[in-house]
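Engineer: Prediction below, plus the sequence it came from.
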Amino acid sequence: MRPLLLLRSSVTFLRSQSSGAKLLTQTAAPPFCLRKSMHYQTEERGHPHSPDYRIYFKTSKGEYISPFHDIPLIAVTEQEHEVPPKKSKKSESEVLFNMVVEVPRWSNAKMEIATKEPLNPIKQDVKKGKLRYVANVFPHKGYIWNYGALPQTWEDPDHTDKETKCCGDNDPIDVCDIGTQVCSPGQVIQVKVLGILAMIDEGEMDWKVIAINADDPEAQSLNSIEDVRKSRPGHLEATIDWFKEYKVPDGKPENQFGFNGQFKDKDFALKIINSTHEHWRALVQSQTNSGAIDCKNISVCESPFKCCAEEARGVVHAAPEFGSAHPVSPEVDKWHFL
């Protein structure tokens, strides 16, 4: 069975049945849900702040999974299955997405989903043999939002964006959660999409979805990029500055942006998300060149990379056991003035 697909911003869903595809819109019955909501757990392996550190994911039943491939893109709650809600927290037309948090706000370690490793754990990025930490560019300290990715999306490096003429960066699409809660690496939250920024990183398309944790006290009042601009003066400008300058202390040029650095609206963001979801589907079903991407999963039907729970468990148990954290260089706390 195929997971839910977002087709357009008017909240239309597609599901596959034995009799064929059927369209459901918001004027029809509630969308058909294919799986019950899961609470995800994490398991640390290796030593924090070292190259062997990994955060693996598993379900509430203890089954190891890939956060890239096995966590659904669209968040489904128990209430949408069988329990009538006492009070709706969102409008019927609001679609919430699962976000895998890689980097908590205010932290510096560049944690990311390891797309080229089995089960795609979170690890710290390494460049030239050194662990990567983002620089603190005044007045910012570390990441200024909870930073992560939407599961079951992929920016295809063989796909050229019609607007920017750039190819994808070979990763899941990135998300900036502007909520007030400081999350933890590996936390899976439900977010409401507000807009998107077209960042161009060394010639590659690197979309940045702007979203807010659905449980945030301000989530109900923030429904668009314009809402963010009005209620949080300077936040969007700070986001542009951060992405433009964060690599400069490492000797890299400033990043560039499509659309003259303007944030695109929610409808545009949903189209991009849908496109990257379709690219992911082709990837995990071996309909496109996966290159070095590891597509091992335990739940994606029609995927030749699907494995059993025992095999997934073997992947995790082969990793080093969790140990004490390594020291972090004081250089990580240095402030850079550009």
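Structural biologist: Looks like it came in fine. Numbers count the residues shown, from 1 in each chain.
Engineer: Just name the shakiest helix or strand of this protein by mean pLDDT.
Structural biologist: Among the helices and strands of the chain, strand 20-24 carries the lowest confidence by mean pLDDT, DSSP states H and E, at a mean of 28.
Engineer: quick one: strands adjacent to the following helix or strand past that strand?
Structural biologist: In the C-terminal direction, the helix or strand that comes right after strand 20-24 (DSSP states H and E) is strand 41-45. According to DSSP bridges, strand 41-45 forms sheet pairs with strand 54-58 (antiparallel).
Engineer: Can you pull out the residues in contact with the strand it pairs with?
Structural biologist: Residues outside strand 54-58 that contact it (Cβ atoms under 8 Å, 6 or more residues apart in numbering): 40-46, 64-67, 70-71, 111, 114, 117, 119, 121-123, 185-186, 316, 319. (Glycine included, C-beta is placed from N, CA and C.)
Engineer: rerun that using 7 Å as the cut-off
Structural biologist: Strand 54-58 is contacted by residues 40-46, 64-65, 67, 119, 121-123, 185-186, 316, 319 when judged by Cβ atoms under 7 Å, 6 or more residues apart in numbering.
Engineer: State the pLDDT value of the spatially most central residue of the chain.
Structural biologist: For the chain, the residue nearest the mean C-alpha position is residue 149 (1.1 Å; Cα atoms, centre = their mean). On the pLDDT scale, residue 149 is placed at 98.
Engineer: What sits closest to it if chain neighbours are left out?
Structural biologist: Distances taken as Cβ to Cβ, 6 or more residues apart in numbering put residue 172 closest to residue 149, at 3.9 Å, once the chain neighbours are dropped.
Engineer: Helices of the stretch 201-338 of the chain, residue ranges please.
Structural biologist: 225-231, 235-245, 266-284, 309-317 (DSSP state H, counting those that start in this stretch).
Engineer: and the first one, what does it pack onto?
Structural biologist: Packing partners of helix 225-231 (3 or more Cβ pairs under 7 Å, 6 or more residues apart in numbering; DSSP states H and E): strand 188-201, helix 235-245.
Engineer: Could you do the last one as well?
Structural biologist: Here helix 309-317 touches strand 64-65, going by 3+ Cβ pairs under 7 Å, 6+ apart.
Engineer: Okay, now the unreliable bits of the stretch 1-150 of the chain?
Structural biologist: 1-38, 77-93 (pLDDT under 70).
Engineer: try 50 this time
Structural biologist: Across the stretch 1-150 of the chain, the ranges flagged by pLDDT under 50 are 1-37, 78-89, 92.
Engineer: Would you state the strands of it in chain order?
Structural biologist: Applying DSSP state E, counting those that start in this stretch to the stretch 1-150 of the chain gives strands spanning 5-8, 12-17, 20-24, 41-45, 54-58, 64-65, 96-103, 111-113, 122-124, 126-127, 130-131, 136-137, 146-149.
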